[in-house]
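>>> give me a model of this one.
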Amino acid sequence: MNAADFRRIALSLEGAEEGSHMGSPDFRVGGRIFATLASQARGYGNLMLTPEQQADFVAGLPEVFVPVPGGWGKGGATHLRLSAANEDVASGALRTAWKTCLAKQAESGRKTRKAR
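Sure, this is the predicted structure:
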């Protein structure tokens, strides 16, 4: 798995679009970020998960998933070690982050943009 694979999988999710946040590629649905490649130079893709989801992923595959250091990580931001992940693991994790993003939008009543 590499950054190009991560990008391809993220963009395969319905309504996903690539953007940029602080100069790094990000992946959004309905305008909200669910994943980034902000740490790709260090070999990571990043996922925006809940703290509970993060704990489950880290417990299940600690060689693949690592909490982002600091406050972002405490909030659920999670590194996915690209070299240690396979397509199925990355797809499942990205889909979880995407679904979580959609659920947060629904809770807030924010309208999502239509899929391309």
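>>> ok, which stretches of the chain are strands?
16-21, 24-29, 32-36, 44-48, 65-67, 77-81 (DSSP state E).
>>> and those: which comes nearest T96?
In this view, those are compared for proximity to T96 by Cβ to Cβ, and strand 44-48 is the closest at 7.5 Å. (Each C-beta comes from the backbone N, C-alpha and C, glycine too.)
>>> sheet partners, orientation included, of the closest one?
Next to strand 44-48 in the sheet, as set by DSSP bridges, lie strand 32-36 (antiparallel), strand 77-81 (antiparallel).
>>> and the longest helix seen in the chain, what other elements does it pack with?
Using DSSP state H, we find that the single longest helix of the chain is helix 87-108. With contacts taken as 3 or more Cβ pairs under 8 Å, 6 or more residues apart in numbering; DSSP states H and E, helix 87-108 sits against helix 3-12, strand 24-29, strand 32-36, strand 44-48, helix 51-60, strand 77-81.
>>> returning to what we had before: nearest to P51, of the strands paired with strand 44-48?
strand 77-81 (9.6 Å).
>>> what's the closest one in contact with?
With contacts defined as Cβ atoms under 8 Å, 6 or more residues apart in numbering, strand 77-81 is touched by 6, 39, 43-49, 54, 57-58, 63-68, 90, 93.
>>> repeat that with 6 Å
Strand 77-81 is contacted from outside by Y44, G45, L47, L49, Q54, V64, F65, V66, P67, V68, A93, using Cβ atoms under 6 Å, 6 or more residues apart in numbering.
>>> done for today, thanks.
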